[in-house]
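Trainee: Build me a model from this:
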Amino acid sequence: MEKYAIGVDIGGTKCSVVLGEGHIPDNSLKGFIIDKICFPTEAAKGPAFTIRNIMDAVHEIMRRNHVLPENAIGLGISCGGPLDHRKGIIMNPPNLYGWNDIPIVRLMEEEFRIRTLLQNDANACALAEWKFGAGRGYRNLVFLTCGTGMGAGLILDGRLYNGTNDMAGEVGHIRLEKEGPVGFGKSGSFEGFCSGGGIAQIAKAKAVEKLQIGIKPALCPELNALEGLTAKTVAQAAEQGDELAWDIYKTSGYYLGMGLSVIIDILNPEIIVLGSIYERSEHLLLPSLKKVIEKEALKASREVCRIVPARLGEQIGDYAALSVAFGKKEQE
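Mentor: The predicted structure follows:
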């Protein structure tokens, strides 16, 4: 009898329902994901509207692939926090307005009669890179999102570490300086210096410094160009040799090294996997972060820790939701 895994990725902009094989492949991921349905979240219409669309998509993906409830090993849900993974409740994430204490696991289990598990998106992505990506074969792994914000998922001694109330891994809140770009509601935070939004803030501050002393950098020759500065546009300018853009990424890389040094010293991981911005811009960040880690982190700890880009790319959300579906014991 064939077995399947079902994944649901709930985002503020879009949702995905994914069907995968019911076992984790040994080598190639080719053909592991069998089918996928995507649709807009339309969060403004409220949770009942989105949940009904999710359920309809799960019914559809099961119908067209001839999947019965007894053929599914589990249904995994990946969603931004805060949430309670043990009770299966989504607790008003900032990108899902009105989702106040939604018992999503109970609702899905009543609808489908399939064991359902819930994890926040950073934890789910850590599971995905551990099971399918750059972290396969390791027992102690840290995954950092490095996207619009900065969060982490922790695999410690071969198990996902959630913390006391699902708040483990909020590394973006660590303060690295008294003042600086704002992230996670805190000036000078790890997220402020190293997320996509933070890099944009650094770029705007440095561009204004140049403009106010009469220098018109190619990256931003006029004040009205400030709003167009993003982590992506700065990286593109750096690729073209723009000195200011390189300096911006050097600054972010420095603080990325500072934050990673703290993580290395406290958790002593074997591997740190960095997603999103780091995947695309490793060459811009790595030189400065390596220098900092060599200076700040304990020698014995840094020498056993690899720092690598995430491997799953744009598909990480699909693999994240499926990863949640696979196991309960390692997520407790």
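Trainee: Can you give the contact residues for stretch 212-228?
Mentor: 203-204, 207-208, 210-211, 229, 233-234, 237, 242-245 (Cβ atoms under 8 Å, 6 or more residues apart in numbering). Yep, even glycine has a C-beta here, placed from its N, CA and C like the rest.
Trainee: And these, which is closest to residue 39?
Mentor: Residue 39 lies nearest to residue 233 out of the contacts of stretch 212-228, by Cβ to Cβ, at 29.4 Å.
Trainee: Enumerate the positions of the strand or helix carrying that closest one that are buried.
Mentor: Assessed by DSSP states H and E, residue 233 sits inside helix 231-239. For helix 231-239, the neighbour count (16 or more other Cβ atoms under 10 Å) marks 231, 233, 234, 235, 237, 238 as buried.
Trainee: Can you give me the neighbour number for the closest residue to residue 165 other than its chain neighbours?
Mentor: Ranked by Cβ to Cβ, 6 or more residues apart in numbering and with sequence neighbours excluded, the top spatial neighbour of residue 165 is residue 84, at 7.3 Å. When neighbours are defined as other Cβ atoms under 10 Å, residue 84 has 17 of them.
Trainee: helix/strand/coil for residue 76?
Mentor: For residue 76, the assignment made with DSSP: H, G, I helix; E, B strand; the rest coil gives strand.
Trainee: Next, count neighbours for it.
Mentor: With other Cβ under 10 Å as criterion, residue 76 counts 28.
Trainee: who's in contact with it?
Mentor: The contact partners of residue 76, by Cβ under 8 Å, 6+ apart, come to 5-8, 116-119, 124, 321-326.
Trainee: nearest to residue 199, of those residues?
Mentor: If you rank these by distance to residue 199 using Cβ to Cβ, residue 124 comes first, at 24.3 Å.
Trainee: you'd agree that closest one is in a strand?
Mentor: No: Residue 124: not assigned to a strand; according to three-state DSSP it is helix.
Trainee: How many residues are close by it?
Mentor: Residue 124: 31 surrounding residues under other Cβ under 10 Å.
Trainee: Need the phi and psi values for the residue of the chain positioned farthest from its centre.
Mentor: The centre of the chain is farthest from one residue, residue 214, which by Cα atoms, centre = their mean lies 39.4 Å away. Phi and psi for residue 214, reported as degrees, to the nearest 10, are phi 90, psi 10.
Trainee: State the distance from it to residue 192.
Mentor: Noted for residue 214: a distance of 28 Å to residue 192, by Cβ to Cβ, to the nearest Å.
Trainee: Name all residues that make contact with residue 323.
Mentor: 7, 76, 124, 127, 128, 130, 131, 132.
Trainee: tell me the two of these that are most distant?
Mentor: Farthest-apart pair in the contacts of residue 323 is 7 and 130; separation 15.4 Å (Cβ to Cβ).
Trainee: So between these two, which is more surrounded?
Mentor: A side-by-side neighbour count of residue 7 and residue 130, using other Cβ under 10 Å, places residue 7 first with 29 against 24.
Trainee: Identify the bridge partners of that one.
Mentor: In this entry, residue 7 is beta-bridged to residue 18, residue 76, by DSSP bridges.
Trainee: so it sits right up against residue 18, yeah?
Mentor: Yes: the pair residue 7 / residue 18 is scored as a contact, 4.2 Å apart, by Cβ atoms under 8 Å.
Trainee: who touches both of those two?
Mentor: 318, 321, 322.
Trainee: Between the buried residues of helix 231-239, which sits nearest residue 260?
Mentor: residue 231 (18.0 Å).
Trainee: Thanks a lot, see you next time.
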